[in-house]
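Novice: can you look at this prediction? I've put the sequence above it.
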Amino acid sequence: MREIVDKNLNKLMHESGFNIAKNLKILRREKNVTQKEVAQHLNIDVTTLSHYETGIRMPDIDTLIALAKYYDTDINTIISNDID
């Protein structure tokens, strides 16, 4: 079931033009932390986080939840086109 959710979420994010990569970078800079600090907190490789911030990879739903908690926001903020 989780694989289906992740696949559908990735499809939605790509088709809808959400700018997750840009938003993640903005949120990290607003919090004034490094990619290494965020990656350590989430227990992921810094390269993975870098790929999220450059749009090479999309985070799965569990990672989106963890990122939203870390940045004290909600998933809608991360996937929206309105953050600037």
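Specialist: Happy to help now that I have it.
Novice: what segments of this structure are helices?
Specialist: Under the criterion DSSP state H, the chain contains helices at 2-16, 20-31, 35-42, 46-54, 61-70, 75-79.
Novice: could you dump these to CSV with mean neighbour count and mean pLDDT?
Specialist: Where you see a C-beta, it was placed from the backbone N, CA and C, and this is true even at glycine. Listed next are these as CSV, based on neighbours: other Cβ atoms under 10 Å; pLDDT from 0 to 100:
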stretch, mean neighbour count, mean pLDDT
helix 2-16, 12, 66
helix 20-31, 17, 95
helix 35-42, 16, 98
helix 46-54, 17, 95
helix 61-70, 16, 96
helix 75-79, 17, 91
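Novice: mind listing what residue 29 touches?
Specialist: Contact partners of residue 29, counting by Cβ atoms under 8 Å, 6 or more residues apart in numbering, are absent.
Novice: check residue 51 too.
Specialist: residue 57.
Novice: repeat that with 10 Å
Specialist: By Cβ atoms under 10 Å, 6 or more residues apart in numbering, the contact list for residue 51 reads 21, 45, 57-59.
Novice: pull out the buried members of these.
Specialist: The neighbour count (16 or more other Cβ atoms under 10 Å) marks 21, 57-59 as buried among those.
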